Each structure stands twice: as structure tokens, then as C-alpha cells.
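Enquirer: sequence? don't have it. structure:
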């Protein structure tokens, strides 16, 4: 039987080794989840809500432990781990509070005024395939919504954060959740494809690369399974002609380095109007140069290691290819001589189409600066991407920024004069190669339900 080994990317030390499940064991987990679903679906939304609130409290009670585990497995800053635990607790609480209303039966009419009811019924086992960059948040945003909807959930987590996925399940059970309604499977891609096809899996949701999304989406489509896919991005943040430079630099640094730069919805391409280009770039580079790279458990560290040696190699290759095609390294780029998957805060200038820094997603602390002729050109460049998850606008005229965000930015989310990753009350998701479907804001609770029409005489 093959194994999964987790490794601390800050030290290179082995954390733990786990046995992978066989196909038969993984299918047993799906079958057990389905059996639990048949009982769970009988509960009302109001009866499910207290379970979610208890899980939220259990997460907060174990915040230090969970943050430390996520830091060991993925290299994220310890303080970022604590923030992640809190947003997960908030998601469970939001779902418990608003779920009964969002999923309540709706009164309609049909025909010549006869009574109709739309009822949102659960469909069964939802298969959740999640990445490593937010070991708790990624599975929680699927789990909370589907537990409230009445579904069961089987999680295949990224192998490098196996311990985090298992610990999440343990805490859910400690909080009183029925043991089999949430299962974690330790499997490879071959067995995962078998689960997608399994008759008891009724929906598939996945967060990851667009390449992986194409594979999983195709597999699910072959089996006529609905999917929700969140596939990353190379989000553009526009610095327009009348931007407040201090504000733009502050949130640009934050937006590029949050979670060690390994965030799907974060600032990656900085499209700067020519009028303010020099002022922004000089201040931005100066702040990026001063970033403290180091031990993710230390209070003064601002940037930890990448999640693995593999991720380090990917980021380095993308930067090297961009430079070979003409990008200029304005700061960073030199790999420190130290143990661990450390990559410095880096800014690339003269970025143009055809470079990985322009066309692709660099999942690390690398900022791509692109010069635009004016505000209109900046908006054009921002949308010149196969991706469309998030984006940002820095502009003193909030009404103008709102119009651009609403009417012109071809993404699922836009930040104005700020940066943030997710909020339980706002929809999360993208367009184009960033995938489809929505989570949070009540939208995620209805992704995997049967909107059933009942016609009364």
C-alpha cells in the first residue's frame, strides 16, 4: 500500500506518514456517508443549525493547535493560520444563522392562481476536492453549506495538508456531528476519478488549477454530475491616474504577500497608468524590499516559505522564464541560501504578453507590474486574461471605480481601494477559466440542492 508523507516546508523535516486508502476503502467511505445522509436529510434546517454553531466553537477552542498544524504543513504564517480559523468559525455561524431562511420553501403561484411551492431539497453525497493553500478554509466553505443543505460530504484534501483535513473531521465529530456525514479519504488521482463516477456521489466541487479543473469537470460531465469549480486567477489590480498612491501601495503589498502569495483571489498583476507609474513603482518596490522573510512561527516574520519544494521550483521557473522573455527584476528574485522552500518578495517590471508573469498565475510572492497608457488602457489590460476570479481598483473617485467594477471588470469579485480574500456574506467565485459556481453569501447553500417544484390544485 502506498503512503502520503507530510513535510514541513520551512525545515524540510518529515511530519507524518499516512497509508493511502484502497479503492474499496474509499468507496466504503462514500457508502457510509450516503447512509448517514439518509438520516441527516430528515432533520430540518433549524435542527441542523446548532451542529454548525458547535463546530464553530470547537474550532475557536482549538485555534492555536490548528494554526500551528497548518503552519507546519504548509509554511503559512502562524498569525495567518489564526485568522483562517476565525473565518472558518464565522462561516459556520453565518450558515447556521442564515441557512434556514435562505433554504426555506418559497410560495409561488401557477396556472390561474393555484398554489405552488419551491422547496430546496438535498441531493446526497458531495465530493469535495481541495488544495493546500488554506487547509481549513477550503474544505469548510464546502462543508458548512452542504451540511446546512442536508447533504453529506466526502473530502479529498491535498496530500501535503493531510493532517489538517483529518483534524477538521475529528473536531466536527467532537462537536457532535454524526460520524459518517463528513468523511475524509486519503487517495490518489486514480481512485479519485473512480469516486467522481460512483453512483452515490451526486455532485463534485473542486478548487485548484484550471488544468485540474478541466480534468475533473470532464470526468464529472461524463457521469452527468454537477460541478462547482474555483480555478485560480492572475488578478489585476488597477492603479488609475487619480489613485491615492499611499493607499495603493499599502494594499498592493498586502494583496501580493497575503498567505505567502499563495492565494487564488489576490493581487498578482499591477496595471499602472503611465501618469502615476513611476511614483507607484518606486514606493511599491521600496516596501517589497523591506519585507522580512523567515520562520513562519516568528512574530516579526512577514513572509514565510512556499508550501513545498515543488511549489518553489514552479515559482522560480515562472520568474526565470519571464526574465528570459524580457521582464526586469526590480527587487527580489535571488533565492536565499537557507534550508526550506523560501522565495523572496519579488517585483517584475516590463511585463508583457507571452510571459508567465502576464499570462499565467504565479502562486507565490511575485508581483508583475504592467504599464498602461491611461485608465481606459488599464481596464483593457486587466481583462486581457483567460482568468476572471477577482481584481482591484485604486481610484479616489469611488463612483467611477464602482462603475468600472460593475460594468467593465470581467471578474467575479472586485475590491475598491482595499484588499481582502473572502467574506461569509459575499459571493465567492469567478468567470472564464477561473471556473463557475459560487460559494458564500447564501449562494453556496443552493449549488447542490434540488430546487423542486410542487404544484397544488
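Expert: Yep, that arrived. Note that the structure is predicted; figures quoted are calculated from it, not measured. Residues are numbered from 1 along each chain as shown.

Enquirer: could you pull out the helices for this protein?
Expert: Secondary structure of the chain (DSSP state H): helices located at 23-40, 45-61, 63-74, 78-102, 137-149, 162-174, 189-197, 210-222, 245-257, 274-289, 309-324, 356-359, 375-383, 398-407.

Enquirer: Return the most buried member of those.
Expert: By mean neighbour count, with neighbours taken as mean count of other CB atoms under 10 Å, helix 137-149 ranks first of the helices of the chain at a mean of 27. To be clear about C-beta, it is placed using only N, CA and C from the backbone, and glycine gets the same treatment.

Enquirer: so how far is that one from its chain's centroid?
Expert: 13 Å (CA atoms, centre = their mean, to the nearest Å).

Enquirer: wait, what's in contact with the closest residue in space to residue 128 that isn't next to it in sequence?
Expert: Leaving aside its sequence neighbours, residue 128 sits nearest to residue 142 (CB to CB, 6 or more residues apart in numbering; 4.4 Å). Residue 142 makes contacts with 126, 128, 130, 153, 155, 205, 439, 444, as judged by CB atoms under 8 Å, 6 or more residues apart in numbering.

Enquirer: Roughly how far does residue 142 sit from residue 169?
Expert: Look at residue 142 and residue 169: by CB to CB, to the nearest Å, they are 13 Å apart.

Enquirer: ditto for residue 285
Expert: When residue 285 is compared with residue 169 (using CB to CB), they lie 44 Å apart.

Enquirer: quick revisit: between the helices of the chain, which one is nearest to residue 331?
Expert: helix 274-289 (4.7 Å; CB to CB).

Enquirer: quick check: angle from that closest one to helix 375-383?
Expert: If you take axes from the mean of the first three to the mean of the last three CA atoms, to 10 degrees, helix 274-289 sits at 50 degrees to helix 375-383.

Enquirer: how does this protein divide up, domain by domain?
Expert: Structural domains annotated on the chain: 3-232+433-455, 236-423, as defined by automatic domain parsing.

Enquirer: Turn the ones you listed into JSON lines, columns for mean pLDDT.
Expert: Output for the domains of the chain, formatted as JSON lines (pLDDT from 0 to 100):
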{"stretch": "domain 3-232+433-455", "mean pLDDT": "98"}
{"stretch": "domain 236-423", "mean pLDDT": "97"}
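
Enquirer: circling back to that earlier point, what do residue 142 and residue 169 both touch?
Expert: residue 155.

Enquirer: tell me the contacts of residue 417?
Expert: Per CB under 8 Å, 6+ apart, neighbours of residue 417: 244, 247, 251, 393, 394, 395, 398, 401.

Enquirer: I figured the first one was touching residue 398, is that so?
Expert: No: using CB atoms under 8 Å, residue 244 is not in contact with residue 398, being 11.3 Å away.

Enquirer: and the residue of the chain most remote from its centre, what does it touch?
Expert: What lies farthest from the middle of the chain is residue 112; by CA atoms, centre = their mean that is 46.3 Å. Applying CB under 8 Å, 6+ apart to residue 112 gives no contacts.

Enquirer: Same question for residue 192.
Expert: 129, 156.

Enquirer: Distance to residue 4 for the helices of the chain - can I get that in TSV?
Expert: Formatted as TSV, these follow (distance: least, CB to CB, whole Å):
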stretch	distance to residue 4
helix 23-40	13
helix 45-61	24
helix 63-74	11
helix 78-102	21
helix 137-149	16
helix 162-174	5
helix 189-197	12
helix 210-222	18
helix 245-257	29
helix 274-289	35
helix 309-324	14
helix 356-359	29
helix 375-383	39
helix 398-407	42
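
Enquirer: max-length strand in this protein?
Expert: strand 114-122 (DSSP state E).

Enquirer: That strand pairs with which strands, parallel or anti?
Expert: strand 106-110 (antiparallel), strand 449-455 (antiparallel) (DSSP bridges).

Enquirer: and of the ones you listed, who's closest to residue 266?
Expert: strand 449-455 (30.4 Å).

Enquirer: List the buried residues in the closest one.
Expert: residue 449 (16 or more other CB atoms under 10 Å).
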